[in-house]
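Show me how the following folds:
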Amino acid sequence: MPRPWVLGSESVVSVWDPLRNGAYRMMWTAGIGGLLGSWMQLMAAQWILVELSGSPVLIALVNTSSMLPVLLLALPAGVLADVLDRRRMLLTIQVFQVCTATAMAALALVGRLSPPVVLLLIFMAGCGTAMGAPTYQGLVSSLILRRRLQSTAALDAFGINLTRAIGPLLGGVLLASWGASAVFGVTTVLFGAYAAVLGLWRQKEPLPAERGEPFIAALRAGGRYVRYSSVMRRMLWQLAAFLLPASCFWALLPLVTARGLGHGAGGYGLALAAAGGGAAAGAPLVPWMRRRLGNTRLPVTARLVFAAAVAALSVLDKPVPVLAVLVISGVAWTAALTDATANVQMFLPQWVRARGSAAYQVVLFGAQAGGALLWGLLAQGAGVTAAYVTAAVLIVLSVAIVGRKPAVDWHGMNREPAVYWPEPDLAQQPQNRLDPVAIQVTYRVPESSEEQFVVAMSDVQRSRRRTGATSCELWRIGELPGQFLEIYVVPSWGEHLRQHHGRLTGADRAYEEKARALCVAEPEVLHLLLAEPAVRRPHPAQNHPDDRAERQR
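The predicted model follows:
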């Protein structure tokens, strides 16, 4: 049996335990091949621009081009991953990646890879990454028990950083020996192998919780969840505060390590291998570090160590010290980000997990893309050393600022789905299921508990908004002391039924029970249906001049 380790009050199994699941093991192994190809592709693209121009801005723009698509596509991808067949969606994305890598290999072979073409193709590959990341996370979360998600995050981090170490090193060897076309050719094969595994996979995937929900409605529902979840907003803010300055490390790495490791492709590949190797080694060590430092001190310590490594790289010029610091920086990078990834996955309810993961990906890649461009501009004007020193100082400041308001401890919250609302007993069904519906709840509260009730209802109101309500207000009835009306509006009847059948969690139930415990009677619930759909939407056959004038007004 795998030996458990402890996170807060939860017992979490070994980091390697999810590999016992055959479906996850196949997905993880295929994903390793795809990640290996992605790192090789990115390394070769950066080095092509080093040879063609040597401009810090252009080199940094490779990172920007690969990560910018996340800002545009991650949220739509999260919606699609919550409502479509994730395996087929991921297969389509991998076929697209094969086409992009093939184009890069062909153009490199004939010597037609100019800087604009390189950046365009890296942008296209980034589009595939942006679509694939939340899809993969949604698929994995449907295959793995929630208690193992912490371990899958560590395994995914291990895979990402292992390939970050091996990919550039292998890419550097291929680049030096056979040229860029060989690197992109191997990348094409690796992407093709990933697509083949997905195509041959026949295990039935659990249906997405929100299957059948309209795209725009699902997109808005995901946005409302992130907006009204204080825990999720805090996680994203902490991530962005670290990544904006930390992105300098990766964006300018080929320039800052050239002093100690040489200017060739081999030196750059060695630098990425050292940093990636440290990051890969750090993933299995995260549970041990958490036990020693605790949930709060681990990310703080990791970020401070990373800042020290960034500052050290700005002045070191000998191979051994540079490689040692790169390994340390990789370990710190993994420790800083693995917890963030795992916490998001474990906190998000199943129904919105892909959309919430997409919001996380937007911050993760968007902060690095924007930061890479800013650091490239600063390095162009003030030098690489100045950029690294500034980044180290800003990382320390971000830790100090974020530390003034610690994140909410959510580990005691019940994140499992809870279906506890009774089915609506309507005498009349909605005339149009796309019309908004208002729910009115009447509460009777003793005078001595009124203020306590209002405070308790603030958590309930945020729960309503997270799970679908566009507005939620609590009113006192002026003529009836001790009576309150809660009125909240949901965009459609279908979305309200989704609140009944899977969007609520055990934590939401606890908030409602806390408020209802203060009432003297069971609350009365009424569903208010729109009464005039015919007036709002005239039939096309109504062509009377007065009708047309009214519609124009």
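
burial of the spatially closest residue to Arg164 that is not a sequence neighbour, as a residue count?
Setting aside the residues directly before and after it, Arg164 is nearest to Gly276 in space (Cβ to Cβ, 6 or more residues apart in numbering), at 3.2 Å. (C-beta placed from N, C-alpha, C; glycine too.) Gly276: 26 surrounding residues under other Cβ atoms under 10 Å.

you'd agree Gly276 is up against Pro168?
Yes - at 6.9 Å, Gly276 counts as touching Pro168 under the criterion of Cβ atoms under 8 Å.

any common contacting residues for those two?
Common neighbours of Gly276 and Pro168, using Cβ atoms under 8 Å, 6 or more residues apart in numbering, are Trp39.

can you list the weak-confidence ranges in the stretch 151-300 of the chain?
In the predicted model of the stretch 151-300 of the chain, residues 151, 154, 165, 202-212, 258-269 satisfy pLDDT under 70.

where along it do the strands fall?
For the stretch 151-300 of the chain, applying DSSP state E, counting those that start in this stretch gives no strands.

and what of the stretch 401-550 of the chain?
437-444, 471-476, 483-490, 524-529.

Could you dump those into CSV with distance to Leu155 and mean neighbour count added?
Listed next are the strands of the stretch 401-550 of the chain as CSV, based on distance: least, Cβ to Cβ, whole Å; neighbours: other Cβ atoms under 10 Å:
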stretch, distance to Leu155, mean neighbour count
strand 437-444, 42, 18
strand 471-476, 39, 14
strand 483-490, 38, 19
strand 524-529, 44, 14
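
Tell me which of the ones you listed sits nearest to Arg87.
Set against Arg87 and scored by Cβ to Cβ, those come closest in strand 483-490, at 31.2 Å.

tell me the mean pLDDT over the closest one?
For strand 483-490, the mean per-residue pLDDT is 96.

longest helix of this structure?
Ordering each helix of the chain by length in residues (DSSP state H) puts helix 265-313 first.

Next secondary structure element downstream of that helix?
Downstream of helix 265-313, the first helix or strand assigned by DSSP states H and E is helix 319-347.

Can you mark which positions in the helix or strand that that following helix is followed by are buried?
Counting by DSSP H and E, the element after helix 319-347 in chain order, helix or strand, is helix 353-382. By neighbour count with 16 or more other Cβ atoms under 10 Å, helix 353-382 contains the buried residues 353-376, 378-379.

which helices and strands does helix 353-382 pack with?
helix 56-83, helix 115-143, helix 215-228, helix 230-251, helix 319-347, helix 384-403 (3 or more Cβ pairs under 8 Å, 6 or more residues apart in numbering; DSSP states H and E).

Does anything pack onto the second one? Which helices or strands?
Yep, that's helix 115-143 we're talking about. Partner elements for helix 115-143 (3+ Cβ pairs under 8 Å, 6+ apart): helix 22-52, helix 56-83, helix 86-109, helix 149-178, helix 353-382.

do you know how far Ser357 is from Met67?
According to Cβ to Cβ, to the nearest Å, Ser357 stands 16 Å off from Met67.

sorry, that was for Gly502
Distance, Gly502 to Met67, using Cβ to Cβ: 33 Å.

which sections of this protein are below the confidence cut-off?
Low-confidence segments of the chain (pLDDT under 70): 1-15, 53-56, 60, 141-151, 154, 165, 202-212, 258-269, 403-411, 532-553.

burial of the residue lying closest to Thr188 once chain neighbours are set aside, as a residue count?
Closest residue to Thr188 apart from its sequence neighbours, by Cβ to Cβ, 6+ apart: Ala101 at 4.1 Å. Using other Cβ under 10 Å, the number of residues around Ala101 comes to 28.

The one 3 residues further on too?
Burial measure for Met104: 27 neighbouring residues, criterion other Cβ under 10 Å.

who's in contact with it?
Residues in contact with Met104 (Cβ under 8 Å, 6+ apart) are 41, 45, 113, 121, 180, 184, 187.

Which members of those are classed as buried?
41, 45, 113, 121, 180, 184, 187.

Does the last one touch Met43 like I think?
No - under the criterion of Cβ under 8 Å, Thr187 is not in contact with Met43, lying 10.3 Å apart.

Leaving out sequence neighbours, find the closest residue to Glu447.
Using Cβ to Cβ, 6+ apart, the nearest residue to Glu447 is Gly482, at 5.6 Å.

Count the neighbours of the one you found for me.
17.

what's the answer for Val325, then?
22.

and if you look at Ala106?
Residues near Ala106, counting by other Cβ under 10 Å: 15.

what residues are up against it?
Per Cβ under 8 Å, 6+ apart, neighbours of Ala106: Ser181.

likewise Ala340?
Residues counted as contacts of Ala340 (Cβ under 8 Å, 6+ apart) are 235, 238-239, 299, 360.

now with 6 Å?
By Cβ atoms under 6 Å, 6 or more residues apart in numbering, Ala340 lies in contact with Leu239.

So it versus Trp333, what's the distance?
11 Å.

Gly192 touches Phe96, doesn't it?
No - between Gly192 and Phe96 there is no contact under Cβ atoms under 6 Å: 11.9 Å.

Find me whatever residue is spatially closest to the residue sitting nearest the centre point of the chain, sequence neighbours aside.
Closest to where the C-alpha atoms of the chain average out (Cα atoms, centre = their mean) is Tyr360, at 2.7 Å. With Cβ to Cβ, 6+ apart as the criterion, Tyr360 has its nearest non-adjacent residue at 4.8 Å, and that residue is Val344.

So what's the residue count around the one you found?
As a burial measure, Val344 scores 25 neighbours (other Cβ under 10 Å).

ok so, going back, would you turn the helices and strands packed on helix 353-382 into TSV with distance to Gly494?
Below are the helices and strands packed on helix 353-382 laid out as TSV (distance: least, Cβ to Cβ, whole Å):
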stretch	distance to Gly494
helix 56-83	12
helix 115-143	21
helix 215-228	8
helix 230-251	24
helix 319-347	26
helix 384-403	39
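
Nearest to Leu162, out of those helices?
The nearest among the helices and strands packed on helix 353-382, by Cβ to Cβ, is helix 319-347 at 10.6 Å.

buried set for the closest one?
In helix 319-347, counting by 16+ other Cβ under 10 Å, buried: 322-347.

Give me the angle between it and helix 115-143.
Interaxial angle, helix 319-347 versus helix 115-143 (axes from the mean of the first three to the mean of the last three Cα atoms, to 10 degrees): 50 degrees.

Double-check the residue nearest to Thr188 against Val189; I have them as touching.
No - because the distance of 8.7 Å does not satisfy Cβ under 6 Å, Ala101 is recorded as not touching Val189.

Disregarding residues adjacent in the polypeptide, which is nearest to Leu304?
Nearest residue to Leu304 in three dimensions, chain neighbours excluded: Val399, at 6.1 Å (Cβ to Cβ, 6+ apart).

same question but for Glu522, I mixed them up
With sequence-adjacent residues excluded and distances taken as Cβ to Cβ, 6+ apart, Glu522 is closest to Arg516, at 7.7 Å.

same question, Ile328
Distances taken as Cβ to Cβ, 6+ apart place Ala309 nearest to Ile328, at 5.3 Å, with adjacent residues excluded.

got the contact list for the one you found?
Neighbouring residues of Ala309 by Cβ under 6 Å, 6+ apart: 325, 328-329.

Quick one: neighbours of Arg516, just the number.
The number of residues packed near Arg516 is 18, by other Cβ under 10 Å.

wait, I meant Gly506
Gly506 has 14 neighbours, counted by other Cβ under 10 Å.

Could you check what's spatially nearest to it, not counting adjacent residues?
Closest to Gly506 by Cβ to Cβ, 6+ apart is Asn414, at 2.7 Å.

so what's the residue nearest to Glu447 up against?
When contacts are counted by Cβ under 6 Å, 6+ apart, Gly482 is found next to 444-445, 447.

Nearest to Arg164 among those?
Checking these against Arg164 by Cβ to Cβ gives Val445 as the nearest, at 56.9 Å.

The closest one: neighbour count?
As a burial measure, Val445 scores 24 neighbours (other Cβ under 10 Å).
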